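> need coordinates for the below:
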Amino acid sequence: MGMPLPVVVVSRPPEYSASYSVDKLFDSAPGTYWCSPASPTWPQVFVLQLQAPAMIEAVVIDAAVPGYDTSAPRTVHIEVAPAQNPGMFMLAAQGMCHRGTTTTIPMAQPVLATGLRITCLDNHGGNYCAIATLQVIGTPYGMQAMPGMMPGMQAMPGMMPGMMPGMVPGMQAMPGMMPGQVAGMMPGMQAMPGMMPGQVAGMMPGMMPGMQAMPGMMPGQMPGMMGGMVPGQGFAMGQRVQAKWRGGGYWSATVRGFDGARYEVAWDDGSAPEWVPVADVKLA
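Sure thing, here's the model as predicted:
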């Protein structure tokens, strides 16, 4: 089990008075508690934001409120805002709180999250909703392995459940994979920025799946390209070419830029530079 995580209250139900405000939920001091006004409107909903992403394991609700044990929440639903989609909540656990004692409601499985929504649907028949202490239990992001990681591995910034160090976000570890390996790579090979599933050993960032890097190639360079070329480009910056002028015919020019579909060329006759489609540029 992890540790109590610091949270920020985003929204909360009405409270009986300042003496029973929401901050009493997290002060851990004996004899203090949060309490709703009399005859609360159900459900009573708390939205909490974690100060940093964490693997959420459980929510602990202490309902030991002397003299008001029947006002303890009874049916509780817990939703989490997953780190990969913080704009939505998904149901992660539900449980039944007991009167006058502490109840731990575990997640169905640990969830990497940025926030929680805790909904109390009813109580044990009392005239209030009262909670002595509420704790979110989990492990701060990066402090331990996540589901799918090999024993002893550490989560790194940007990792998601099932990832190994060096994997691209969203990729899943496969049986026998090693740290840094992407699905489809040979064991021991390292994933690099921009790699996708099925890319193989020796590939460089920006290459298409299935292509092999050749000796001396630079990141983003394709087989057959000359050093210094822009990814996907057939001509290097400064190379002399024949480019089709908008008025017709091919004229001598020099490559000045490339945007993935067109070359910017400077005409030898001093005319203003133009962007010319790739298909209209050929060797000089």
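> low-confidence regions, this structure specifically.
In the prediction, the chain carries residues with pLDDT under 70 at positions 143-233.
> residues contacting Ser252?
Applying Cβ atoms under 8 Å, 6 or more residues apart in numbering, we find Ser252 in contact with 240-242, 267-268, 284. Placement of C-beta: from N, CA and C, glycine included.
> swap in 10 Å and give it another go.
Taking Cβ atoms under 10 Å, 6 or more residues apart in numbering, we find Ser252 in contact with 240-243, 265, 267-269, 284.
> distance check, it against Asp259.
22 Å (Cβ to Cβ, to the nearest Å).
> ditto for Pro14
57 Å.
> can you check Gly126 too?
68 Å.
> who's more crowded, the two?
Using other Cβ atoms under 10 Å as the criterion, Gly126 and Asp259 rank with Gly126 on top: 18 against 11.
> so what's that one up against?
38, 40, 65, 67-72, 74, 99.
> of those residues, which is the most crowded?
The contacts of Gly126, ranked by neighbours (other Cβ under 10 Å): first place Ala72, 27 neighbours.
> got phi/psi on Met237?
Dihedral angles of Met237 (phi, psi; degrees, to the nearest 10) stand at phi -60, psi 140.
> can you count the residues close to it?
15.
> now the closest residue to it other than its chain neighbours: how far from Asp122?
Take Met237 and drop its neighbours on the chain: the residue closest to it by Cβ to Cβ, 6 or more residues apart in numbering is Val255, 5.9 Å away. According to Cβ to Cβ, Val255 and Asp122 sit 72 Å apart.
> dump the residue contacts of the closest residue to Pro86 other than its chain neighbours.
Nearest residue to Pro86, sequence neighbours excluded (Cβ to Cβ, 6+ apart): Thr114, at 4.5 Å. With contacts defined as Cβ under 10 Å, 6+ apart, the neighbours of Thr114 are 49-54, 56, 80-87, 141.
> let's see that with 6 Å instead.
Counting by Cβ atoms under 6 Å, 6 or more residues apart in numbering, Thr114 touches 50, 53, 81, 83, 86.
> before we move on, which element is it in?
Assigned by DSSP states H and E, Thr114 falls within strand 102-120.
> after that strand comes which helix or strand?
Next element after strand 102-120 (DSSP H and E): strand 130-131.
> neighbouring contacts of that following strand?
Contacts for strand 130-131 (Cβ under 6 Å, 6+ apart): 33-35, 65, 68, 71.
> can I assume Gln279 sits in a strand?
Small correction: residue 279 is Ala, not Gln. No. If the criterion is DSSP: H, G, I helix; E, B strand; the rest coil, then Ala279 is helix and not within a strand.
> neighbours around it, how many?
9.
> for it, what are its contacts?
Per Cβ under 6 Å, 6+ apart, neighbours of Ala279: none.
> measure it to Met55 for me?
From Ala279 to Met55 the distance is 52 Å (Cβ to Cβ).
> ok, now Arg12?
24 Å.
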